[in-house]
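here is the input, now give the coordinates:
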Amino acid sequence: QVQLVESGGGLVQPGGSLRLSCAFSGGIFSVYAMGWYRQAAGKECELVAGITPAGGSTDYADSVKGRFTISRDNAKKTVYLQMNSLKPEDTAVYYCNTDRFLFKLRETQGRSWGQGTQVTVSS
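Okay, here's the model as predicted:
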């Protein structure tokens, strides 16, 4: 059974940076597209960024384009989210998740979620 463990969140000032990591176990990492999601208080979960199994294609929410970068290391079974120029509206719990195809990552319903990692952007 696939297990995902997110880490790297914290408190950062507006304009700052963080790098999130998601460690994968319990399956063949290299066959899965990987996505980073976030859920802010009182809001629905949304896909922030996705990446294909080999890392050749990515997909970003409009709100983070040009600021966030998703990457993966298949040897380490880890996916990363580099977040730059952070804004208060980026404050949320961030989760990672998997699917077989990049386009299916946009479907948020029916997924199982880990504990996530809290990102707080505040001065």
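
and the residue nearest the centre of the chain, what element?
For the chain, the residue nearest the mean C-alpha position is Trp36 (1.9 Å; C-alpha atoms, centre = their mean). In this assignment (DSSP states H and E), Trp36 forms part of strand 33-39.

could you pull up phi and psi at the residue nearest to Gly27 when sequence neighbours are not counted?
Residue nearest to Gly27 in three dimensions, not counting chain neighbours: Val2, with 4.5 Å by C-beta to C-beta, 6 or more residues apart in numbering. The C-beta positions use only the backbone N, C-alpha and C, and glycine is treated the same way. Main-chain torsions, Val2, degrees, to the nearest 10: phi -70, psi 130.

my guess is Glu44 contacts Thr108. True?
Yes: using C-beta atoms under 8 Å, Glu44 is in contact with Thr108, at 7.3 Å.

the two: which has the busier surroundings?
Thr108 (16 against 8; other C-beta atoms under 10 Å).

so how far is Lys65 from that one?
Applying C-beta to C-beta, to the nearest Å, the value for Thr108 to Lys65 is 19 Å.
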